[in-house]
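Novice: One predicted model, sequence on top.
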Amino acid sequence: MRKKTMLIHGGIFGDATTGAVSTPIYQVSTYKQDGIGNHKGFEYSRTGNPTRHALEELMKDLEGGKRGFAFASGMAAITAVMMLFNQGDHVILTDDVYGGTFRVMSKVLNRFGIEASFVDTSNAASIQKEIRENTKAVFLETPTNPLLKITDIKEVAKITKANSLLLMVDNTFATPYWQNPIELGADIVLHSATKYLGGHSDVVAGLVVVNDEKLGEDLHFVQNSTGGVLGPQDSWLLMRGIKTLGVRMEEIEANTKKIVEFLTSHPAVEKVYYPGLENHPNHEVAKKQAGGFGGMVSFDVGSAERAETVLSKLKYFTLAESLGAVESLVSVPAKMTHASIPAERRRELGITDGLIRISVGLEDGDDLVEDLAQALDQ
């Protein structure tokens, strides 16, 4: 089954009881049992809900894993995965991860004794150097947020397997339409499903797919114990969004190509970050492991003042924190998505005050280029 077909027919198609083509929204908290422990597969909706289960089965198929899990947010998904580890365990993470990931690792989970190191995972040698006796896993973002760095998943998988470590990949930017980390050796794939998978700025959700039945049992235990599950209404919205993921990603990619060509030639733009550029440090890796380069672009205009001027003049790019929606969004990571990272650390990473991140949407590509042109010219 090819990807566009799987987006429609993967998982559980429709409803066997009624013949409904769309999976119903089972807005229910508990389920009748015919006897003690004798139920029809569902007993309490924190443990399992038919609508959520349909979404989880769909994601399992899309990512090529063994089990899928739907959470109330991307951060709830990341937190649950990190709860697979114990006090004293150590995790290696990509250095310019999303600010929320950095925050939960450095200000919340560290209280429970889970140690974290942040390294440039696009350089496999950096990972190898950081492995300790208590290291249990490597967590990658690729492409990264917001500098669009690329890590060779297959190369890192060789390191993790040689050292008996789990490999976790945040696949939010690439989506399962363009990239499947499990095929490249990952054990766990995560998504902020709020972004491209939902695609319409109307749902907050997180998804996890694991490639091992034991991992699935362990993660289900954590999810059921801590309770950060996705509700049936949001599960249904997410399945509806996923059906159009393929056509959205292809159109977004076409728009992004036009925008990148424009930005690289504009004198007000000092640097453009996009893995589709041939001068991107890991362009060849991106070509090898993904079917597309995505719709996220970052570019530096030199200062916070210039960035604010550009943002104030844009008409079709909405100033907002999120990404991956049908409408084009724009943000300044240093003051928004990555404000939780200390300023000194941001400077080390290259997340400057003049860095602008755009999430390209489905508007007419020429309108988006013209909008950027008039804003940058001012």
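Specialist: Arrived safely, thanks for sending.
Novice: Please count neighbours and contacts with C-alpha atoms only from this point.
Specialist: OK.
Novice: which ones are touching residue 197?
Specialist: Applying Cα atoms under 8 Å, 6 or more residues apart in numbering to residue 197 gives the contacts 175, 238, 241-242, 245, 324.
Novice: and the gap between it and residue 231?
Specialist: According to Cα to Cα, to the nearest Å, residue 197 stands 16 Å off from residue 231.
Novice: Just among the contacts of residue 197, which is most surrounded?
Specialist: When neighbours are counted by other Cα atoms under 10 Å, residue 324 leads the contacts of residue 197 with 29 neighbours.
Novice: you'd agree that one is up against residue 357?
Specialist: No. The pair residue 324 / residue 357 is not scored as a contact, 12.0 Å apart, by Cα atoms under 8 Å.
Novice: Which of the helices or strands spans residue 137?
Specialist: Under the criterion of DSSP states H and E, residue 137 resides in strand 135-141.
Novice: Could you do residue 284 as well?
Specialist: Secondary structure assignment for residue 284, by DSSP H and E: helix 283-289.
Novice: Would you mark the buried spots in the lengthiest helix in the chain?
Specialist: Using DSSP state H, we find that the single longest helix of the chain is helix 245-263. Neighbour counts over helix 245-263 (16 or more other Cα atoms under 10 Å) mark 245-246, 248-253, 255-257, 259-260, 263 as buried.
Novice: CA-only coordinates of that helix, as CSV, when you get a sec.
Specialist: The C-alpha trace of helix 245-263 is given here as CSV (Å, rounded to 0.1, in the frame of the first residue of the first chain):
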residue,chain,number,x,y,z
LEU,A,245,-1.4,14.9,4.7
GLY,A,246,0.1,13.8,1.4
VAL,A,247,-1.5,16.5,-0.8
ARG,A,248,-0.8,19.1,1.8
MET,A,249,2.9,18.2,2.1
GLU,A,250,3.4,18.2,-1.6
GLU,A,251,1.8,21.6,-2.1
ILE,A,252,3.7,23.0,0.9
GLU,A,253,6.9,21.7,-0.6
ALA,A,254,6.2,23.5,-3.9
ASN,A,255,5.5,26.8,-2.1
THR,A,256,8.6,26.4,0.0
LYS,A,257,10.9,25.9,-3.0
LYS,A,258,9.7,29.3,-4.4
ILE,A,259,10.2,31.0,-1.1
VAL,A,260,13.7,29.6,-0.5
GLU,A,261,14.8,30.7,-4.0
PHE,A,262,13.6,34.2,-3.2
LEU,A,263,15.1,34.4,0.3
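Novice: quick revisit: neighbouring contacts of the helix holding residue 284?
Specialist: Residues contacting helix 283-289 (Cα under 8 Å, 6+ apart): 150-153, 179, 184, 275-278, 293.
Novice: Centre of the chain to that helix, how far?
Specialist: On the basis of Cα atoms, centre = their mean, to the nearest Å, helix 283-289 sits 18 Å off its chain's mean C-alpha point.
Novice: Okay, the residue nearest to residue 65 when sequence neighbours are not counted and residue 66: tell me how far apart.
Specialist: Nearest non-adjacent residue to residue 65, counting by Cα to Cα, 6 or more residues apart in numbering: residue 211, 4.5 Å away. Here residue 211 is placed at a distance of 5 Å from residue 66 (Cα to Cα).
Novice: Compare those two and say which is more crowded by neighbours.
Specialist: Set side by side, residue 211 and residue 66 show more neighbours around residue 211, with 21 against 17, by other Cα under 10 Å.
Novice: what's near enough to touch the more buried one?
Specialist: So residue 211 contacts 64-67, 182, 186-188 (Cα under 8 Å, 6+ apart).
Novice: repeat for residue 191
Specialist: 74, 77, 170-172, 175, 206-208.
Novice: separation between it and residue 127?
Specialist: In terms of Cα to Cα, residue 191 sits 22 Å off from residue 127.
Novice: picking up where we left off before, residue 81: which of the contacts of residue 211 is nearest?
Specialist: Looking at those and their distance to residue 81, the nearest is residue 188, at 8.6 Å (Cα to Cα).
Novice: was I right about that closest one contacting residue 157?
Specialist: No. Counting by Cα under 8 Å, residue 188 stays clear of residue 157, with 11.6 Å between them.
Novice: so what sits against both of these two?
Specialist: Common neighbours of residue 188 and residue 157 (Cα under 8 Å, 6+ apart) are residue 167.
Novice: And residue 157, what's its pLDDT?
Specialist: Listed pLDDT for residue 157 reads 98.
Novice: Residue 340 now?
Specialist: In the prediction, the pLDDT value recorded for residue 340 is 75.
Novice: contacting residues around it?
Specialist: 99-100, 102-103.
Novice: For it, grab phi and psi.
Specialist: phi -70, psi -10 (degrees, to the nearest 10).
Novice: re the thing from before, need the buried residues of helix 245-263 in a markdown table (columns: pLDDT).
Specialist: Compiled in a markdown table, those are given as follows (pLDDT from 0 to 100):
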| residue | pLDDT |
| --- | --- |
| 245 | 98 |
| 246 | 98 |
| 248 | 98 |
| 249 | 98 |
| 250 | 98 |
| 251 | 98 |
| 252 | 98 |
| 253 | 98 |
| 255 | 98 |
| 256 | 98 |
| 257 | 98 |
| 259 | 98 |
| 260 | 98 |
| 263 | 98 |
